[in-house]
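K.L.:
I'll drop the sequence and a predicted model, then ask my questions.
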Amino acid sequence: MSFKEQIDINKLPEHIAIIMDGNGRWAKNQGKFRMFGHESGVLSVKDIVEGCVDIGVKYLTVYAFSTENWNRPIEEVNALMELLISTINEQAETLNKNNVRLNAIGDIKSLPQKCIDDLANVMEVTSKNNRCTLTLALSYSAKWEILEAAKKLAQQVKDENITVDQITEEVFAAQLTTKNIPDPELMIRTSGEHRVSNFLLWQMAYTELYFTETLWPDFRREDLFEAIVDYQKRERRFGKISEQLN
């Protein structure tokens, strides 16, 4: 029986987050430059999005470019930005065909203007799609996001629009870039690394973590389905005991 056949459609995670790791190592293993790995990784993104659409996952967030990635060699950063622009434009028609809405979180204004413009355009042309929302985390840092939320609330308190006592988890979460997206139930990281790397730290307080040795360019929808099957075998207690869940 395939992993897809083992999935309980009634217990799907509504939101899956993915740290796409291993492009550079995959390229090195092929005797290629790192950019070959990034380009091949785009095919994995496409297949995983289609896999989510196929089974009914409503939200998919992928860690496409972190704030720390700006510290990579300038040639690689420039090539990644060019790849981002070309991919966004090339996939617009496919996103519409699959009824997928494109979204983005992060310090978007720090991206090249061409990226900002093309991203805004594809987000607009896919804005009515409702089968799945694909969120690209671009120039993203969870620490940055939390700090920005704290600054916004501090300003509101200073302006006397709210009081300190009115700041709840819900009020704080409403200041985050993911305010219109449910927290992920499942986070997948490829390439054998076992850390969350400054990704959705607030949102992943109760997220199930799944780590695989598979490098991102080799990761396909059947690997996604395997991760979902593993997730569905877990007991999510949220601080309760097993007997309270029955």
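P.N.:
Received it, and whenever you're ready, just let me know what you need. This structure is a prediction, so every number in the text was calculated from the model and none was measured. Numbering: from 1, shown residues only.

K.L.:
give the helix, strand or coil label for the residue lying closest to Asp107 once chain neighbours are set aside.
P.N.:
Spatially, and ignoring its direct neighbours in sequence, Asp107 is nearest to Ser139 (4.4 Å; Cβ to Cβ, 6 or more residues apart in numbering). The C-beta positions use only the backbone N, C-alpha and C, and glycine is treated the same way. The three-state assignment at Ser139 reads strand, by DSSP: H, G, I helix; E, B strand; the rest coil.

K.L.:
just say helix, strand or coil for Ser44.
P.N.:
Applying three-state DSSP: Ser44 is helix.

K.L.:
longest helix in this structure, by residue count?
P.N.:
helix 74-97 (DSSP state H).

K.L.:
specify the local secondary structure of the residue of the chain most remote from its centre.
P.N.:
Farthest-out residue of the chain from its mean C-alpha position, per Cα atoms, centre = their mean: Glu160, at 34.9 Å. Three-state assignment for Glu160 (three-state DSSP): coil.

K.L.:
where does this structure have its least confident helix or strand?
P.N.:
helix 242-245 (a mean of 58; mean pLDDT, DSSP states H and E).

K.L.:
which residues in this structure form strands?
P.N.:
Assigned by DSSP state E, the chain shows strands spanning 15-19, 59-66, 100-105, 132-140, 186-189, 208-211.

K.L.:
and the pLDDT for Arg236?
P.N.:
Per-residue confidence (pLDDT) for Arg236: 70.

K.L.:
residues in contact with the residue farthest from the centre of the chain?
P.N.:
With Cβ atoms under 8 Å, 6 or more residues apart in numbering as the criterion, no residue contacts Glu160.

K.L.:
distance of it from Phe172?
P.N.:
18 Å (Cβ to Cβ, to the nearest Å).

K.L.:
what do you get for Glu124?
P.N.:
For Glu124 relative to Phe172 (Cβ to Cβ), the value is 29 Å.

K.L.:
more neighbours: which of those two?
P.N.:
The neighbour count for Glu124 versus Phe172, taken as other Cβ atoms under 10 Å, is higher for Phe172 (15 against 10).

K.L.:
just give the nearest non-adjacent residue to that one, would you?
P.N.:
Nearest to Phe172 is Ala149, by Cβ to Cβ, 6+ apart, at 6.1 Å.

K.L.:
can you verify my assumption that the one you found contacts Gln175?
P.N.:
Yes. Using Cβ atoms under 8 Å, Ala149 makes contact with Gln175 at a distance of 3.7 Å.

K.L.:
tell me who's in contact with the nearest residue to His15 once chain neighbours are set aside.
P.N.:
Leaving aside its sequence neighbours, His15 sits nearest to Tyr59 (Cβ to Cβ, 6+ apart; 3.8 Å). By Cβ under 8 Å, 6+ apart, the contact set of Tyr59 is 14-16, 132-133, 135, 181-182, 184.
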